[in-house]
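Trainee: Test case, fold it:
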Amino acid sequence: MPKIADIEYTPNPNAIKFILKEPVTTGSSRSFQTAEAAQADPLAQSLFSVGDVVSVFYMDRFITVNKEDDVSWEDLLKRLAEPIRSAPAVTEAPRPSVTGGEGAGGPGYVVGADPVLDRINQVLDEKVRPGLAGDGGGLEIVGYHDHRLMIHYQGACGSCPSSVSGTLYAIENMLREEVDPEIEVVSV
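Mentor: Coordinates of the predicted model:
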């Protein structure tokens, strides 16, 4: 059972990141935007069931929970701690991937299908995803066509105001310098 090592506030005031002592996944991420989408995932389902939870994102040794705007973290943190402590660590009960199962970049990305997309994913893995994970979030590639990359933010990044402005432009500029000078990055 994972023990909570620390709790970190994120740049998104409605998201909090639980740092765990044991992993709940091994490299794959899980992202749920609704309780209905989480029905097949016991950990996510138990977090939604405490109430006031808008989304759940987790991977490796962290879990990010987004709450409703008008709810205080003080009460919600206590309610979230129990299902996290009750969840099996990945070594106890491995689970199938819910997102990212079709390639490291997400459902719109298949390794080897497009060399440009492979390079984009490599840049995202090396320079973007670690920073987003540090803030309790992530991103997946949804699609790529005619120099247009569609991404989906996960976790704390999913509802953070800076992700749809500054972060998005930084990703686009980085990919323009390193991959394709005509690329446009769109958050969906």
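Trainee: where do the strands sit along the protein?
Mentor: 4-9, 15-20, 29-32, 53-59, 62-67, 137-145, 148-155, 184-187 (DSSP state E).
Trainee: will you turn those into TSV that also has mean pLDDT and distance to Gln45?
Mentor: From N, CA and C alone the C-beta is placed, and that goes for glycine too. Compiled in TSV, these are given as follows (pLDDT from 0 to 100; distance: least, CB to CB, whole Å):
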stretch	mean pLDDT	distance to Gln45
strand 4-9	94	19
strand 15-20	94	16
strand 29-32	91	9
strand 53-59	94	9
strand 62-67	95	13
strand 137-145	90	20
strand 148-155	91	17
strand 184-187	92	27
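Trainee: out of these, nearest to Pro88?
Mentor: strand 15-20 (11.8 Å; CB to CB).
Trainee: other SSEs contacting that closest one?
Mentor: strand 4-9, strand 62-67, helix 73-86 (3 or more CB pairs under 8 Å, 6 or more residues apart in numbering; DSSP states H and E).
Trainee: now do 10 Å
Mentor: With contacts taken as 3 or more CB pairs under 10 Å, 6 or more residues apart in numbering; DSSP states H and E, strand 15-20 sits against strand 4-9, strand 53-59, strand 62-67, helix 73-86.
Trainee: Neighbours of His145, how many?
Mentor: His145: 9 surrounding residues under other CB atoms under 10 Å.
Trainee: can I see the domain layout of the protein?
Mentor: 4-86, 115-187 (automatic domain parsing).
Trainee: remind me which residues of the chain are low pLDDT?
Mentor: 1-2, 92-108, 161-164 (pLDDT under 70).
Trainee: List the residues that contact Gln45.
Mentor: Contacts for Gln45 (CB atoms under 10 Å, 6 or more residues apart in numbering) come out as Phe32, Ala35, Glu36, Ala37, Ala38, Gln39, Val56, Pro83.
Trainee: I'd like the distance between it and Phe57.
Mentor: 14 Å (CB to CB, to the nearest Å).
Trainee: go on, Gln33?
Mentor: Taken as CB to CB, the span from Gln33 to Phe57 is 9 Å.
Trainee: Between the two, which has more neighbouring residues?
Mentor: Phe57 (28 against 16).
Trainee: Skipping its backbone neighbours, what lies nearest that one in space?
Mentor: Leaving aside its sequence neighbours, Phe57 sits nearest to Gly155 (CB to CB, 6 or more residues apart in numbering; 3.2 Å).
Trainee: The one you found contacts Ala44, correct?
Mentor: No - Gly155 is beyond contact range of Ala44, at 11.9 Å (criterion: CB atoms under 10 Å).
Trainee: I figured Ser187 hits Ile151, correct?
Mentor: Yes - counting by CB under 10 Å, Ile151 is a contact partner of Ser187 at 5.9 Å.
Trainee: which ones are touching Ile120?
Mentor: With CB under 10 Å, 6+ apart, Ile120 has these contacts: 105, 109, 114, 141, 144, 149, 151, 171, 175, 178-180, 183, 185.
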